[in-house]
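> Below are the sequence and a predicted model for it; my questions follow.
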Amino acid sequence: MTSAPPAARLGEFWRALADPLRARREEPLPRRLVDTAAAWSGARRATLYMREKDAWVRAACSIEGEDGPDLPDPIPTAPISAGAVLWVPLESEGEVHGHLGLEGIAPDDTEELALSVGFLLGALIGAHRLSRLVKEAEFEVKTRLLELESLYDLGLSFGGQLDLASLGDEVLFRSISLTDAGKGTLVLFDQGGKLLFERSLGGDLLPADQFASWALPEGEAVINNAAASVPTAGERLSSCQKCLAVAISVLGRRLGVLAVADKESRDGRVLDFTPTDARLLSLFANQAAAAIETARLHREAIEKERIERELELAAAIQREILPHSLPEVPGLQLAAANFPTRQVGGDYYDFFPLSGGRLGFLVADVSGKGVPAALLVSTVHAAVHLQIDEAKTIVELFERIDRHLRRYAATRKFLTIFFGLIEPDSGVLRYVSAGHNPALLVSTSGGIERLDSTGVPVGMLPNASWREETRTMRPGELLAVYTDGLTEAVNEAEEEFGLERLERAVHKRRDLPVQQLCDEVLSKVADFARDMPQYDDQTLLLVRRT
Amino acid sequence: MSEACKITVERRGDVAIFWTDGYINNQGGEEIARQAYTQLDSGARALVLDLGKTRIVNSIGISILIEVLEKVMDRKGTLAFCSLTPTIDKTFRIMGLAQYAAIYLTLEEAVKAAAPSGESAQQP
């Protein structure tokens, strides 16, 4: 522009624009401007071009359904008449914001008209562009704020989120929405590489098993903006055009892969993923890795706690099974102790005061450990208490226990039992040892007889039989019945305590009161083993005839 | 949540209620806008968008919702959202949608506010 437009013409045009600017706000600005320019200038047709990024695009034509003339080449920098069209650059602050083509106006009116239109429309479109740029910038700033807030929120929600499915959804949905992706997939694996979680939005990018072999650096998202032609995880992706993927890892261990694809634009094109998108996805993956690992550890802790609770419960049941106190039997001194090496053991001892002042007693050792062993102990306890009054002999008792176990025991296990029946008055001891360690009969002079097994363990073989043996215990003689947890206790040199050491320990202090002797023997075993963890329960039962 | 956003619309007098189910992205946003403009052109004064079955919205979807909001405001109408997930609620507040559009917890509250007389929003 070389000179200012006349004020009168400017005023007229401004008044003409006022109504469309105020009242027709629903219509796009370019539409309102071309309508007003055509009506005010008397042009047959007005066409407006506006800058869209680096190109001039036709923004509006005053005649609905018509395109209007093409912009001349070269693009005019000052008002010119090209054929029947007056082209006016719309300029403000030294920048051209648009070009208006007016057709069919009077030739003598072109200069003033061009000056007025160029000045006002230039200012209006400039202001409109500026306003749009400000809005876009505001939107961009808010989007960045949203990203930051999302990262913060994810950290918070991950902290309290221990359900893997909810956690996975949260990660996937936030990743897709904040990268403007059209689709995405999250797969998580367990420590053995087995698929733990898979969720996709918009369709699967790859079969789940191929995610495991996708070569991705740890903690750094990889952009593939040519996914359809550049192989990903060994395959060209047919399900998307562009993708962005990151490995979810903890200390070099791959927990999963998070991938998003096909970044959207407002005009429907698929945009390239940017380094900003990659950084954002990497941050998500790092946060997710920590949260997923926490959730996994939490699940393991809950499982461990559940098992411990079960064991504690079973241990409480077993404690109830073992005698709470020793029976008072004239003519006998009794002692017993049991140390389970886990919370629940497979050892069991019991006393049965019987008619005529007799005393039955047993020590049993169930195969296996933990809850199954404790359940079998419970079954044996029930069987013995049910059958002891029915059986006429010890052998019959064993046969009945064997049948009971075969019928009611949940697991096919066996147990060794030493069962003794002593008459305090005569000292007659009848016993059956079903595969049990040799009990030790210690005479007053110090001689030790090993009472060996008289049959196979109970529950081991069908149609098993047992033999009853008899000894006579003289006053002062001692019987020690124990389980192999004592003789097989190991020290740091992996040496077993052994039967000989047990015999020596009992023999040396055989004159002590039986409870004291029991404590000393167990203490000797403990000293031998020191801090070595023991894997078998320890039980010792002592009977002395007085 | 389904993959493509499904829109269900019900008109109660001056109030048009939209239920969305799925991802509000470019495609989902365009469909909302198309149906919103149809409702505005046929005389709806208040639009209520129930997003109870939408768990994900991207920035393109938000920009389209802003365009719808501007159009509604140009026509002196109102736009309200309801049943938002906490994530979407926060997103709308940060992105400025909540500045001009009301957000309600439930559809009932939103409809009641959109048609305070209670007459025009009664179900047929």
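Sure thing, it's come through. Numbers count the residues shown, from 1 in each chain, chains lettered A, B, ... in the order given.
> Using PDB, write down the CA coordinates of stretch A:398-405.
What follows is stretch A:398-405, C-alpha atoms only, in PDB (Å, rounded to 0.1, in the frame of the first residue of the first chain):
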ATOM      1  CA  PHE A 398      -2.100-101.300  63.900                       C
ATOM      2  CA  GLU A 399      -4.300-103.200  61.500                       C
ATOM      3  CA  ARG A 400      -7.200-101.000  62.300                       C
ATOM      4  CA  ILE A 401      -5.100 -97.800  62.000                       C
ATOM      5  CA  ASP A 402      -3.800 -99.000  58.600                       C
ATOM      6  CA  ARG A 403      -7.400 -99.600  57.400                       C
ATOM      7  CA  HIS A 404      -8.500 -96.300  58.700                       C
ATOM      8  CA  LEU A 405      -5.700 -94.400  56.900                       C
END
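> where does chain B have low pLDDT?
Residues of chain B meeting the criterion pLDDT under 70: B:1-3, B:116-124.
> Show me what from it comes close to chain A.
Taking Cβ under 8 Å from any Cβ of the partner chain as the contact definition, chain B meets chain A at B:3, B:23, B:25-26, B:55-60, B:63-64, B:71, B:74-75, B:87, B:90-91, B:94-96. No exception for glycine: its C-beta is placed from N, CA and C like everyone else's.
> cutoff 7 Å now
Proximity of chain B to chain A is confined to B:3, B:23, B:25-26, B:55-60, B:63, B:71, B:74-75, B:90-91, B:94-96 under the rule Cβ under 7 Å from any Cβ of the partner chain.
> Now the closest residue to residue A:480 other than its chain neighbours: which helix or strand?
Sequence neighbours aside, residue A:440 is the residue nearest to residue A:480 in space, at 4.3 Å (criterion: Cβ to Cβ, 6 or more residues apart in numbering or on different chains). Assigned by DSSP states H and E, residue A:440 belongs to strand A:439-442.
> packing partners for the next helix or strand after that strand?
Sequence-wise, the next helix or strand downstream of strand A:439-442 (DSSP H and E) is strand A:448-451. Under the contact criterion of 3 or more Cβ pairs under 7 Å, 6 or more residues apart in numbering or on different chains; DSSP states H and E, strand A:448-451 touches strand A:439-442.
> If we go by neighbour counts, what in the helix or strand encompassing residue A:59 is buried?
Residue A:59 is part of strand A:55-61 when elements are defined by DSSP H and E. Using 16 or more other Cβ atoms under 10 Å in any protein chain shown as the test for burial, strand A:55-61 gives A:58-61.
> packing partners for it?
helix A:29-41, strand A:45-52.
> Adjacent strands (with direction) for the helix or strand following that strand?
Using DSSP H and E, the helix or strand that follows strand A:55-61 towards the C-terminus is strand A:80-82. Strand A:80-82 pairs in its sheet with strand A:85-92 (antiparallel), by DSSP bridges.
> contacts for the helix or strand just after the partner strand?
Using DSSP H and E, the next helix or strand after strand A:85-92 towards the C-terminus is strand A:95-103. Applying Cβ atoms under 7 Å, 6 or more residues apart in numbering or on different chains, the set of residues contacting strand A:95-103 from outside is A:37, A:41, A:43-51, A:56, A:68-69, A:71, A:84-90, A:117, A:121-122, A:125-126, A:129.
> Contact partners for residue A:244?
Residue A:244 is in contact with A:179, A:221, A:223, A:259-260, A:273, A:277-278, A:281, counting by Cβ under 7 Å, 6+ apart.
> Could you do residue A:219 as well?
Contacts of residue A:219 by Cβ under 7 Å, 6+ apart are A:249, A:282, A:285-286.
> could you redo the last one with a cut-off of 8 Å?
Residue A:219 is in contact with A:246-247, A:249, A:282, A:285-286, A:289, counting by Cβ atoms under 8 Å, 6 or more residues apart in numbering or on different chains.
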